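**Q** Sequence first, predicted model second:
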Amino acid sequence: MTLEEAIKKTDEAYGLMVQASRLMTDAVMNGFLFTWQWWAGVSLAVIPWMLWFFFRKKESSDRLLYAGFLVMLLASVMDLLGTSSGRWTYPMKILPTTAIFLPYQFTVIPVSAMFFLQIKPNLNPFLKAIVFAGLGAYIGLPLLAMYNFYNPKNWAYTYSFFILMGIYLVAHWFSRMNNFERIELNDPKKSNRKLDFNVLRRKEKIR
């Protein structure tokens, strides 16, 4: 295959993606919108974040959010790989713009991981990872499949168990990092200003 032929194939692929997007838009706007399943998906996208806001460990909010965003990124990447290879699909949509189920990757998994990180923080992380992955793979995903939010075409729940376990362990490691010093404290200009202020104060005291 020549370079020109490869470029032509990618153009054809983008054309198919546009057609798929139009089909998804039609399905959402004319079939899914305002059904109870659609409202359930919207609730899954909003309510977990509201619960986290009220019940989070406030003094560790930033650290938990860093870990949560990492979980969100890893879950989304794995989901894109799975859906693009035909391992699973998400028949029910709340938005027509993506092949993934946004409430699951952007809300349920990261918020659940953040709650697990803050509850019993000294507990063995491998034990917490097993519980987290077990709940997600053997309870969460089957429930989504029951209501057509998830369709494991060529995928076993056990595979998801190991993926979720790995994601949680990475999040745990990331949440324990200590290199979170404020960047502006290393700014020599600001540090010099602080020294100048200290010198002025000393001079005033001498006077």
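**A** Here it is on my side, so go on.
**Q** ok, and for stretch 69-86, which residues are buried?
**A** 70-72, 74-76, 78-79, 82-83 (16 or more other CB atoms under 10 Å). C-betas here are computed from N, CA, C, even on glycine.
**Q** what mean pLDDT does it have?
**A** In this model, stretch 69-86 has a mean pLDDT of 91.
**Q** just to confirm, which helix or strand has L81 in it?
**A** Taking DSSP states H and E as the criterion, L81 maps to helix 61-84.
**Q** picking that back up, out of the buried residues of stretch 69-86, who's nearest F174?
**A** Nearest to F174 among the buried residues of stretch 69-86 is L70, at 5.3 Å by CB to CB.
**Q** now for the helix holding L81, which elements pack on it?
**A** helix 109-118, helix 157-175 (3 or more CB pairs under 8 Å, 6 or more residues apart in numbering; DSSP states H and E).
**Q** In the protein, where is pLDDT below threshold?
**A** 97-99, 185-207 (pLDDT under 70).
**Q** One more pass at 80, please.
**A** Low-confidence segments of the chain (pLDDT under 80): 96-102, 179-207.
**Q** Now do the helices for the chain: every range, in order, please.
**A** Assigned by DSSP state H, the helices in the chain fall at 3-27, 36-55, 61-84, 102-103, 109-118, 125-135, 141-146, 157-175, 188-206.
**Q** winner for burial among those?
**A** Across the helices of the chain, averaging neighbours per residue (mean count of other CB atoms under 10 Å) puts helix 109-118 on top, at a mean of 23.
**Q** so how far is A20 from V28?
**A** Going from V28 to A20 by CB to CB, to the nearest Å gives 13 Å.
**Q** ditto for S61
**A** Taken as CB to CB, the span from S61 to A20 is 38 Å.
**Q** what's the answer for Q118, then?
**A** From Q118 over to A20 (counting by CB to CB), the distance is 39 Å.
**Q** again, but for I183
**A** Taken as CB to CB, the span from I183 to A20 is 42 Å.
**Q** related to what we said a few turns ago, and the helix holding L81, how far out from the chain's middle?
**A** Remark: helix 61-84 is offset 3 Å from the chain centroid, using CA atoms, centre = their mean, to the nearest Å.
**Q** Okay, angle between that helix and helix 109-118 too, please.
**A** Going by axes from the mean of the first three to the mean of the last three CA atoms, to 10 degrees, helix 61-84 is angled at 140 degrees with respect to helix 109-118.
**Q** Tabulate the CA atom coordinates of helix 61-84 in PDB.
**A** Extracted C-alpha coordinates of helix 61-84, given in PDB (Å, rounded to 0.1, in the frame of the first residue of the first chain):
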ATOM      1  CA  SER A  61      -9.700  17.500  47.800                       C
ATOM      2  CA  ASP A  62      -7.000  18.500  45.400                       C
ATOM      3  CA  ARG A  63      -5.000  15.200  45.900                       C
ATOM      4  CA  LEU A  64      -8.200  13.200  45.400                       C
ATOM      5  CA  LEU A  65      -9.100  15.100  42.300                       C
ATOM      6  CA  TYR A  66      -5.700  14.500  40.800                       C
ATOM      7  CA  ALA A  67      -6.100  10.800  41.300                       C
ATOM      8  CA  GLY A  68      -9.700  11.000  40.100                       C
ATOM      9  CA  PHE A  69      -8.700  12.700  36.900                       C
ATOM     10  CA  LEU A  70      -6.100  10.100  36.300                       C
ATOM     11  CA  VAL A  71      -8.700   7.300  36.700                       C
ATOM     12  CA  MET A  72     -10.900   9.200  34.300                       C
ATOM     13  CA  LEU A  73      -8.100   9.300  31.700                       C
ATOM     14  CA  LEU A  74      -7.100   5.700  32.100                       C
ATOM     15  CA  ALA A  75     -10.800   4.500  32.000                       C
ATOM     16  CA  SER A  76     -11.500   6.500  28.800                       C
ATOM     17  CA  VAL A  77      -8.400   5.300  27.000                       C
ATOM     18  CA  MET A  78      -9.200   1.600  27.800                       C
ATOM     19  CA  ASP A  79     -12.800   2.200  26.800                       C
ATOM     20  CA  LEU A  80     -11.800   3.700  23.400                       C
ATOM     21  CA  LEU A  81      -9.500   0.800  22.800                       C
ATOM     22  CA  GLY A  82     -12.300  -1.700  23.700                       C
ATOM     23  CA  THR A  83     -15.100   0.000  21.700                       C
ATOM     24  CA  SER A  84     -12.900   0.600  18.600                       C
END
